[in-house]
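In: sharing a sequence plus its predicted fold:
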Amino acid sequence: MSGKFVTFEGPDGAGKTTVLNRLLSNLENKLGDRLVTSREPGGNNIAESIRNVILDRENTKMDSRTEALLYAASRRQNIVQTVKPALEKQKLVICDRFLDSSIAYQGGGRMIGESLVYEMNQFATEGFLPDLTIYFDIPVEVGLQRIAKNRKSDDIDRLDVETIDFHKRVHHAYQEIVKNNPKRVKVVDATQSIDDVYSDVVSIMNKYVKKFME
Ligand SMILES: Nc1ncnc2c1ncn2[C@@H]1O[C@H](COP(=O)(O)OP(=O)(O)O)[C@@H](O)[C@H]1O
Ligand SMILES: Cc1cn([C@H]2C[C@H](O)[C@@H](COP(=O)(O)OP(=O)(O)O)O2)c(=O)[nH]c1=O
């Protein structure tokens with residue numbers, strides 16, 4: 001497979017979606033159908049159906065391990081149906097969140113434990129990892145303030161109502177992922193202006209997935 005698989009990671013409110021949308025609209029012109037985008041949970045019909053179950057505000061009784069399994073199921077479908085077929089056709093695949101989100105949110109946030117969540121996900125991923133992960137680094141409070149400032153109340157999902165401690169555990173788990181995967185995970189300072197974050201992301205892409213950026 002000589003395509004490239006790039007994932008965006010970070011706490012809620014870090015600005016991933018904002019920067020990703022800008023990047024994608026620029027890359028679409030250049031790459032056309034050599035660019036494939038996805039997101040987790042979701043990315044195709046089956047995985048989007050799983051997403052709706054996970055994020056449904058009515059599902060207050062969802063057990064942490066049920067949730068972790070559903071994320072892994074969505075991931076499996078994303079890999080098999082969307083990501084790998086595109087990589088086999090030498091495309092660039094950019095995905096909003098991937099395995100690191102499960103390690104951080106279910107492993108850290110929900111306290112299942114990072115290594116247990118990692119092990120469980122091996123069934124879904126068979127060891128498959130991104131070529132490059134761009135991590136949006138931001139203090140928990142700043143991310144949450146951004147969300148609070150900009151979101152309408154009917155836009156709030158089950159995970160947005162988690163406690164500050166939950167988000168701090170997620171953040172801490174992400175820091176560990178960054179520390180333990182220096183080759184794969186590149187960090188951007190997400191507290192900067194949108195323009196500066198965007199330009200840092202483009203610099204990283206220019207360096208690590210050069211052939212799609214020229
Ligand atoms: N660099 C930035 N500075 C200030 N506000 C930002 C920045 N990036 C994003 N935002 C705003 O913060 C909110 C969350 O951004 P979003 O891109 O949805 O984050 P994420 O997808 O990481 O959860 C949005 O309302 C967005 O307009
Ligand atoms: C992929 C994934 C996401 N999540 C969470 C992180 C987000 O809060 C939520 C996805 O919702 P989404 O609205 O896509 O959030 P964002 O714009 O911040 O990416 O799901 C997990 O808890 N585990 C996972 O494995």
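Out: In hand now; what should we look at? Ligands and ions are numbered 1, 2, ... in the order given.

In: quick one: residue 33 from residue 181, how far?
Out: Separation of residue 33 from residue 181 (Cβ to Cβ, to the nearest Å): 30 Å. Where C-beta positions appear, they are placed from N, C-alpha and C, glycine not excepted.

In: next up, phi/psi of the closest residue to ligand 2 within the chain, please.
Out: Per Cβ to the nearest ligand atom, residue 105 is where the chain lies closest to ligand 2, at 3.0 Å. In terms of degrees, to the nearest 10, the main-chain angles of residue 105 are phi -80, psi -50.

In: tell me the pLDDT at it?
Out: Among the per-residue scores, residue 105 shows a pLDDT of 97.

In: the residue nearest to it when sequence neighbours are not counted: what's it in contact with?
Out: Spatial nearest neighbour of residue 105, excluding adjacent residues (Cβ to Cβ, 6 or more residues apart in numbering): residue 170 at 5.4 Å. By Cβ atoms under 8 Å, 6 or more residues apart in numbering, residue 170 lies in contact with 11, 104-105, 108-109, 140.

In: now residue 67: which helix or strand?
Out: Following DSSP states H and E, one finds residue 67 within helix 64-77.

In: only alpha carbons, please: show that helix as PDB.
Out: Listed in PDB are the C-alpha atoms of helix 64-77, where the atom choice follows Å, rounded to 0.1, in the frame of the first residue of the first chain:
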ATOM      1  CA  SER A  64     -18.100   2.000  29.300                       C
ATOM      2  CA  ARG A  65     -17.000  -1.300  27.800                       C
ATOM      3  CA  THR A  66     -20.000  -1.400  25.500                       C
ATOM      4  CA  GLU A  67     -19.000   2.100  24.400                       C
ATOM      5  CA  ALA A  68     -15.400   1.000  23.800                       C
ATOM      6  CA  LEU A  69     -16.500  -2.000  21.800                       C
ATOM      7  CA  LEU A  70     -18.800   0.200  19.600                       C
ATOM      8  CA  TYR A  71     -16.000   2.600  18.900                       C
ATOM      9  CA  ALA A  72     -13.800  -0.400  17.900                       C
ATOM     10  CA  ALA A  73     -16.600  -1.800  15.700                       C
ATOM     11  CA  SER A  74     -17.000   1.500  14.000                       C
ATOM     12  CA  ARG A  75     -13.200   1.600  13.500                       C
ATOM     13  CA  ARG A  76     -13.100  -1.900  12.000                       C
ATOM     14  CA  GLN A  77     -15.700  -0.900   9.400                       C
END
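
In: could you give me the average pLDDT of the next helix or strand after it?
Out: Towards the C-terminus, the helix or strand next in line after helix 64-77, according to DSSP H and E, is helix 84-88. For helix 84-88, the mean per-residue pLDDT is 98.

In: and stretch 37-54, by the same measure?
Out: 96.

In: near ligand 1, anything from the least confident helix or strand in the chain by mean pLDDT?
Out: None of the helices or strands of the chain scores lower by mean pLDDT, DSSP states H and E than helix 140-150, at a mean of 90. Yes: counting by Cβ under 6 Å from any ligand atom, ligand 1 has neighbours in helix 140-150: 146-147, 150.
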